[in-house]
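[1] Dropping the sequence and predicted coords here.
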Number of protein chains: 2
Amino acid sequence: MGDALPVAEGDGRQRILTAAGKLFSDKAFDAVSMNAIACEAGISKANIYHYFPNKDTLYLAVLRAASHNLRAVLNEAVNAHGSVVDVLRHFARSHLQVLLNRPELVRLVWREILEKGAPRAQEFAEQGFADMFSALVDVLKSGQSRGELRPDFDPALVATLLLGANVFFFQSRDILRHYPPITFADDPSGYDAGIVEILLRGLVP
Amino acid sequence: MGDALPVAEGDGRQRILTAAGKLFSDKAFDAVSMNAIACEAGISKANIYHYFPNKDTLYLAVLRAASHNLRAVLNEAVNAHGSVVDVLRHFARSHLQVLLNRPELVRLVWREILEKGAPRAQEFAEQGFADMFSALVDVLKSGQSRGELRPDFDPALVATLLLGANVFFFQSRDILRHYPPITFADDPSGYDAGIVEILLRGLVP
DNA sequence: CCGAATGTTGACCGATTGGTCGGGTTCTTT
DNA sequence: AAAGAACCCGACCAATCGGTCAACATTCGG
């Protein structure tokens, strides 16, 4: 199955986490065997059990690391200042860029969210969600209180709309690229710019 | 693994498809064993191979049926007439209702779209996407040509935004319900109404 | 009433699964 | 240098995997 060359970086534990993260982000939990992880990490399968008691714990550790990294890079990319409109523009763009730059992390965490059968660490995977969400809601609320935005819309709803637009773009990018009328599949900045513009001005003349 | 009572409906082949669809919608391909499918269908494992040559073919048949059903119910729910604005409202609401009414079908097809490791039937699973997308783009274009909508936005982008909002809502519903500021997690109609309203009027005063 | 086609099954197969174990290697500490 | 801890692996285990097969049951046209 795995013909990948062993990855030579860091100590044993980190090598295992890296290899497992790579495999788990591509295929589901049951589709990744401990053998494949060991092969990818360039060590023996038995050695994995020196660092992790079982497969579930390893998967959980991978998920924990991915979620942590994702939260860090998202929180860093999202800070901005200026007018609320500018903050919104920057928020949307940098948020989507993070998703596209770290697809393994996003797929890993998002798969865990979608899986209904075995809720291994759903509440854990949801943390990044909470961060983004509350930050975005705060921005929108401040815009409303400052009079820069209309006071009669639900900030949580707009936050959902914006995050959803980015996540959906991330998930459907390969599909969107197949359709001729779509010109923004390979232009995430343009996509977010267009979206924010529409949100701000609306569709009716 | 499976303690479910055997499902007694239809001929053998249909029972297998139903049972497999139920299991495949909850767990990934490798996480569902032929034994579990047989148990769920109330037949022997060997009997499955009388109707399907192997697991992949069975999975493909399940996916084909799910995609077909989903397309049918979506196309039916989406037809509407009236002003472009009314059509948009109806489109958003009924589209989301279909997603929520048939979560197994949606999860099945969407999982196939997200899985990078083994593209079993991606092009096939994308068909429902194309239908929704082109139909929605046509509605928006007609609205622009009739002057009911601004001519300076990209219809494909708005279509992506609207479909994405619904898909994201469908996927994140359980998470959204955990956050206090969100009041629309159990009110999909209100969610879509709010979204369409924002899209039409914009956020700035 | 009979033979053929179709359904259906338990028993079985080689391969692979997650996981164990005993022993070897390397590192650290004194 | 000695000793103990940490690291690493080949061989192995029971269980389960997808899949096969020969045999039994049912149906049905002639």
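    Structure received. Residues are numbered from 1 along each chain as shown, chains lettered A, B, ... in the order given.

[2] Low-confidence ranges, chain A, go.
    Low-confidence segments of chain A (pLDDT under 70): A:1-10, A:117-118, A:203-205.

[3] Flag every residue of it that's near DNA strand C.
    With the criterion set to Cβ under 7 Å from any atom of the strand, chain A comes near DNA strand C through A:1, A:30, A:32-36, A:45-46, A:49, A:53-56. Yep, even glycine has a C-beta here, placed from its N, CA and C like the rest.

[4] one more time with 6 Å, if that's ok
    A:33-35, A:45-46, A:49, A:54-55 (Cβ under 6 Å from any atom of the strand).

[5] wait, what's in contact with the most centrally placed residue in chain A?
    By Cα atoms, centre = their mean, the mean C-alpha position of chain A lies nearest to A:V106, the distance being 3.1 Å. Residues in contact with A:V106, defined by Cβ atoms under 8 Å, 6 or more residues apart in numbering or on different chains, are A:70, A:99, A:170.

[6] next one: A:G128
    Here A:G128 is in contact with A:67, A:70-71, A:74, A:109 (Cβ under 8 Å, 6+ apart).

[7] List just the nearest of the residues you listed to A:E115.
    Lowest distance from A:E115 to the contacts of A:G128 (Cβ to Cβ) belongs to A:V109, with 11.2 Å.

[8] was I right about the closest one contacting A:Q122?
    No - applying Cβ atoms under 8 Å as the test, A:V109 and A:Q122 come out as separate, 10.2 Å apart.

[9] who's more crowded, these two?
    Looking at A:V109 and A:Q122 with other Cβ atoms under 10 Å in any protein chain shown, you find the greater number of neighbours at A:V109, namely 24 against 15.

[10] Downstream of the lengthiest helix in chain A, the next helix or strand is which one?
    The longest helix of chain A (DSSP state H) is helix A:55-78. Counting by DSSP states H and E, the next helix or strand C-terminal to helix A:55-78 is helix A:84-101.

[11] what's the neighbour count on A:P53?
    9.

[12] From A:N35, how far off is it?
    17 Å (Cβ to Cβ, to the nearest Å).

[13] before we move on, what about A:K45?
    Taken as Cβ to Cβ, the span from A:K45 to A:N35 is 5 Å.

[14] Got a PyMOL select line for the buried ones in the residues of chain A next to DNA strand C?
    Only the buried entries of those go into this PyMOL selection, using 16 or more other Cβ atoms under 10 Å in any protein chain shown:
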select buried, chain A and resi 33+34+55
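
[15] So which of the residues of chain A next to DNA strand C are in helices?
    Per DSSP H, the residues of chain A next to DNA strand C map to helices at A:34-35, A:45-46, A:49, A:55.

[16] can you put these in JSON lines and add distance to chain B?
    Shown next, in JSON lines, are those (distance: Cβ to the nearest Cβ, whole Å):
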{"residue": "A:M34", "distance to chain B": "14"}
{"residue": "A:N35", "distance to chain B": "14"}
{"residue": "A:K45", "distance to chain B": "18"}
{"residue": "A:A46", "distance to chain B": "23"}
{"residue": "A:Y49", "distance to chain B": "21"}
{"residue": "A:K55", "distance to chain B": "13"}
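
[17] need the residues you listed in JSON lines with distance to A:V137, can you?
    Listed next are those as JSON lines, based on distance: Cβ to Cβ, whole Å:
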{"residue": "A:M34", "distance to A:V137": "42"}
{"residue": "A:N35", "distance to A:V137": "45"}
{"residue": "A:K45", "distance to A:V137": "46"}
{"residue": "A:A46", "distance to A:V137": "49"}
{"residue": "A:Y49", "distance to A:V137": "44"}
{"residue": "A:K55", "distance to A:V137": "38"}
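
[18] Please identify which of the residues you listed is nearest to B:T18.
    Distances from B:T18 to those, taken by Cβ to Cβ, are shortest for A:K55, at 30.8 Å.

[19] tell me the contacts of the closest one?
    A:K55 touches A:M34, counting by Cβ under 8 Å, 6+ apart.

[20] hang on, the earlier thing: intersect the contacts of A:G128 with the contacts of chain B.
    Among the contacts of A:G128, no residue is within reach of chain B (Cβ under 8 Å from any Cβ of the partner chain).

[21] Can you tell me which of these lies closest to DNA strand D?
    Closest approach to DNA strand D among the contacts of A:G128 (Cβ to the nearest atom of the strand): A:S67, at 24.4 Å.

[22] That closest one contacts A:Q127, doesn't it?
    Yes - using Cβ under 8 Å as the test, A:S67 is close enough to A:Q127 to be in contact (6.3 Å).

[23] more crowded one of those two?
    Legend: neighbour count by other Cβ under 10 Å for A:S67 and A:Q127, higher for A:S67 (21 against 14).

[24] And that one, how far from A:E123?
    11 Å.

[25] got it, and A:G190?
    A:G190 is 36 Å from A:E123, by Cβ to Cβ.

[26] In terms of neighbours, single out the busier of those two.
    Taking other Cβ under 10 Å, A:G190 and A:E123 do not tie; A:G190 has more neighbours (14 against 9).
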